[in-house]
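[1] Provided below for reference: sequence and predicted model.
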Amino acid sequence: MKRAKGEEDLCGRMQEEISVVNTYARAIITTASEASADVFRDPDTGFTFSQYNAPITTGSSYITFRVAIPSPATSGQAYDAVLQVVAPISAGWVGLAWGGSMTNNPLVIGWPNGGSAVASARRATSHIAPQMYTGATLQLLSKGTKSNSTHWQFTVKCTGCTSFTTSGSNTKSLNPSGNNRLAFAYSKIKPSQPASSSSPINVHELFSYWDHDFSSAGNTGFQELVARNL
């Protein structure tokens, strides 16, 4: 049966509106998928990481910080953590503060060294160059440590980074089931002795902090994954 012209116009407008709604729905689905990108499953190491991209310029340059922890991990108790950092080649060194500030918490500082990288555990009690720290032990994971012409990356297991003394006899434990305040700093100037984990480093050019979600960082078989990546 042939429609009248008015009915044809109405049907045409309805089809256009349906097309717009479908396009909008696809956009929402795409946005939701992109928003869930804070969980990264590393094909090289097998770890599932919770990640944060820290901007270091007003453009699109950033440093990626990824954290993986055992599952289950008990709140209020120490547990190991794996940190993976991906930085542009322009970054001379990058540091992560597990307590969210420069002072009175474990710092993991890394820098490129040839085709690999070096990681160093440090701590500062005031705003001066951080010193070597024996309260945390780092184990570099070779399968997650590399560099190329644009970026360098290191992956390290840290023992002593999730529960630590802050000042005096005060202690802090990171919540394995929620958000924890972390901080980072970086410099474009490479350490003067890049092959040594105790090398002096220059003052940072930028620092910032964020709340990192540890609840999506859990890994069953955590120790087996560590052993597989040595």
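    Here it is on my side, so go on.

[2] ok, the residue nearest the centre of the chain - contacts?
    Centroid check for the chain by Cα atoms, centre = their mean gives Phe65 as the closest residue, at 1.7 Å. Listed by Cβ atoms under 8 Å, 6 or more residues apart in numbering, the contact set of Phe65 reads 51-54, 83-85, 96, 182, 184, 212. C-beta: built from backbone N, CA, C; applies to glycine.

[3] Gln223 should be in a helix, yeah?
    Yes - remark: Gln223 belongs to a helix, assigned using DSSP: H, G, I helix; E, B strand; the rest coil.

[4] Number of residues surrounding the nearest residue to it once chain neighbours are set aside?
    Take Gln223 and drop its neighbours on the chain: the residue closest to it by Cβ to Cβ, 6 or more residues apart in numbering is Pro70, 7.5 Å away. Number of residues near Pro70 (other Cβ atoms under 10 Å) recorded here: 20.

[5] picking up where we left off before, got the CA positions of the host helix or strand of the residue nearest to the centre of the chain in PDB?
    Using DSSP states H and E, Phe65 maps to strand 62-70. Written as PDB, here are the backbone C-alpha positions of strand 62-70 (Å, rounded to 0.1, in the frame of the first residue of the first chain):
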ATOM      1  CA  TYR A  62      53.000  10.600  29.600                       C
ATOM      2  CA  ILE A  63      54.600   8.000  31.800                       C
ATOM      3  CA  THR A  64      52.700   4.900  32.500                       C
ATOM      4  CA  PHE A  65      52.700   3.400  36.000                       C
ATOM      5  CA  ARG A  66      51.400  -0.200  36.500                       C
ATOM      6  CA  VAL A  67      51.000  -2.100  39.800                       C
ATOM      7  CA  ALA A  68      50.400  -5.800  40.300                       C
ATOM      8  CA  ILE A  69      49.800  -7.500  43.700                       C
ATOM      9  CA  PRO A  70      49.000 -11.000  44.900                       C
END
